[in-house]
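Asks: Here's my sequence, what's the structure:
(one chain, ligands or ions: 1)
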Amino acid sequence: MPIAALSDLADASQCPLLVIKVGSALLVGHDGVRRGWLAGLVEEIAEARGRGQQVIVVSSGAIALGAATLGLDKGGRGSLADAQAAAAVGQIALSGLWTELLGSHGLTAAQMLLTLEDLEDRRRYLNVTATITRLLDAGAVPVINENDSVATNEIRFGDNDRLAARVAQAAKASAVLLLSDIDGLYDRHPREEGARMIPVVEGVTAEVKAMASAESNSGMGSGGMVSKLQAAEIAELAGICLVIGNGQHDRPVARIAGEGIGTVFLPRRNAGARKAWLGGRLRLKGSLVVDAGAAAALARGSSLLAKGITEVEGVFERGDPVAIADNAGQVIAHGLSEYDAAECAAITGLHSSEQASVLGYAPRSAVVHRDQMVLK
Ligand code: GLU
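Replies: Model (predicted):
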């Protein structure tokens with residue numbers, strides 16, 4: 001049974017594995033680490049473990065903490081070099097803190113620092129799954145962050161919201177709880193008059209996206225509502241429930257699950273493990289632009305044929321993940337291409353019967369087969 005209500009977050013049978021993402025502003029205040037608050041959260045993690053739930057922590061805060069120690073301005077986010085240096089300093093303190101506080105409840109913290117590529121590359125993704133699974137089996141609490149000291153702008157998540165959703169997918173978690181500095185998703189900017197919190201979202205539609213404001217409230221983390229909605233999209237495709245809740249209170253999990261304050265994004269469908277990984281990929285090797293007829297056919301569950309392609313972008317090999325976009329540039333699917341980019345370009349717009357003479361061999365049944373495709 002997928003999770004249907006916030007109270008399920010504290011129910012071991014509904015939610016055997018919970019990913020809790022802790023934002024920078026919750027962990028680090030103006031006077032440094034918010035130790036008392038964190039001790040309260042760790043107590044809740046210990047209680048969840050006592051109820052028979054497994055917990056994975058995705059902890060931000062390395063950059064904010066390191067910036068304070070090094071005296072870097074803009075919270076260490078003034079430049080990539082600053083962020084990398086700040087993270088290197090802050091991460092040691094952060095993992096020490098988790099080790100100590102979890103240890104005070106007899107729990108073992110296990111640090112994993114991941115880069116985007118660790119989750120984008122299929123083999124490395126499966127490797128992450130194996131490590132997390134082994135750690136959980138051994139009774140540890142994985143504490144995960146992005147490896148910010150080596151991540152560069154092109155190859156980083158940059159926010160731990162999407163990292164948390166990808167980790168949840170890799171770990172086959174039941175739910176992701178994004179602890180933030182806001183109660184949930186509001187239908188307009190929360191400071192605007194009449195703003196109303198949305199308790200349940202079924203599908204991150206264009207209308208839902210329009211509610212998000214790009215600005216992060218604290219200025220400390222880098223998430224904001226936009227990245228939280230992207231995380232929700234990754235989770236819903238993987239059949240995982242995602243919750244945005246306010247972490248600013250003492251015992252935040254009890255408030256969210258017990259009092260039911262937060263926004264729950266219900267899983268829309270379970271695409272299957274491999275398709276969920278493909279659909280959640282953030283970087284693709286290229287894209288295939290398709291005409292309206294092909295876009296409609298894909299929506300009905302068909303494979304993508306060369307006839308419907310109008311443009312090929314990027315450099316990719318056979319088997320590489322590509323985006324499929326409509327003629328307005330909207331990405332409508334991710335899929336694995338049966339041809340490399342040059343072959344795709346050569347057969348673009350051609351019927352199957354016309355392809356053999358161009359390719360020099362009998363064409364495959366499709367450019368992207370429906371079994372290797374996931375609609376967005
Ligand atoms: N990984 C970053 C850090 O540890 C946080 C990213 C975010 O703000 O979501 O500081």
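Asks: Ramachandran coordinates for the residue positioned nearest the centre of the chain?
Replies: The centre of the chain sits closest to residue 162, judged by C-alpha atoms, centre = their mean, with a distance of 2.5 Å. Phi and psi for residue 162, reported as degrees, to the nearest 10, are phi -70, psi -30.
Asks: And for the closest residue to it other than its chain neighbours, the neighbour number?
Replies: Nearest residue to residue 162, sequence neighbours excluded (C-beta to C-beta, 6 or more residues apart in numbering): residue 231, at 4.9 Å. Heads up, the C-betas are built off the backbone N, CA and C, glycines and all. Summarising burial for residue 231: neighbours were counted as other C-beta atoms under 10 Å, giving 29.
Asks: Low-confidence regions, the stretch 101-250 of the chain specifically.
Replies: Along the stretch 101-250 of the chain, the parts satisfying pLDDT under 70 run over 213-223.
Asks: quick one: the helices in the chain?
Replies: 24-27, 35-50, 62-70, 80-103, 116-120, 122-137, 160-171, 206-209, 224-237, 252-259, 273-279, 292-299, 341-347, 352-359 (DSSP state H).
Asks: Same list as before, these that is, but in CSV and with distance to residue 7 included.
Replies: Converted to CSV, the helices of the chain look like this (distance: least, C-beta to C-beta, whole Å):
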stretch, distance to residue 7
helix 24-27, 22
helix 35-50, 14
helix 62-70, 32
helix 80-103, 25
helix 116-120, 30
helix 122-137, 23
helix 160-171, 19
helix 206-209, 23
helix 224-237, 19
helix 252-259, 6
helix 273-279, 26
helix 292-299, 36
helix 341-347, 49
helix 352-359, 54
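Asks: Straight-line length of stretch 232-246, end to end?
Replies: Using C-alpha to C-alpha, to the nearest Å, one end of stretch 232-246 lies 16 Å from the other.
Asks: That stretch near the ligand anywhere?
Replies: No. Under the criterion of C-beta under 6 Å from any ligand atom, stretch 232-246 makes no contact with the ligand; the nearest approach is 13.3 Å.
Asks: Stretch 145-163 now?
Replies: Yes. Stretch 145-163 reaches the ligand (C-beta under 6 Å from any ligand atom) through 145, 146, 148, 159, 160.
Asks: For the ligand, what's the nearest residue on the stretch 251-376 of the chain?
Replies: Nearest to the ligand in the stretch 251-376 of the chain, going by C-beta to the nearest ligand atom, is residue 282, at a distance of 14.2 Å.
Asks: That residue against residue 162, yeah?
Replies: Yes. Shown here, residue 282 and residue 162 form a contact pair, counting by C-beta atoms under 8 Å, at 6.9 Å.
Asks: coming back round to it: give me the distance between the residue nearest to residue 162 and residue 164.
Replies: Noted for residue 231: a distance of 6 Å to residue 164, by C-beta to C-beta, to the nearest Å.
Asks: and if you look at residue 296?
Replies: Distance, residue 296 to residue 164, using C-beta to C-beta: 35 Å.
Asks: who's more crowded, the two?
Replies: Neighbours per residue (other C-beta under 10 Å) separate residue 296 from residue 164, with residue 164 holding more: 32 against 13.
Asks: residue contacts, the more buried one?
Replies: Residues near residue 164 by C-beta atoms under 8 Å, 6 or more residues apart in numbering: 19, 21, 58, 176, 178, 231.
Asks: can you tell me how far it sits from residue 91?
Replies: Going from residue 164 to residue 91 by C-beta to C-beta gives 17 Å.
Asks: With residue 302 instead?
Replies: Separation of residue 302 from residue 91 (C-beta to C-beta): 47 Å.
Asks: ditto for residue 104
Replies: 21 Å.
Asks: And for residue 118?
Replies: 16 Å.
Asks: Please identify which of those two sits among more neighbours.
Replies: Of the pair residue 118 and residue 91, residue 91 is the one with more neighbours under other C-beta under 10 Å, namely 23 against 18.
Asks: Could I get the pLDDT score of the closest residue in space to residue 254 that isn't next to it in sequence?
Replies: Once flanking residues are discounted, residue 254 sits nearest to residue 44: 6.4 Å by C-beta to C-beta, 6+ apart. At residue 44, the pLDDT value in this model is 98.
Asks: What is the neighbour count of residue 44?
Replies: 19.
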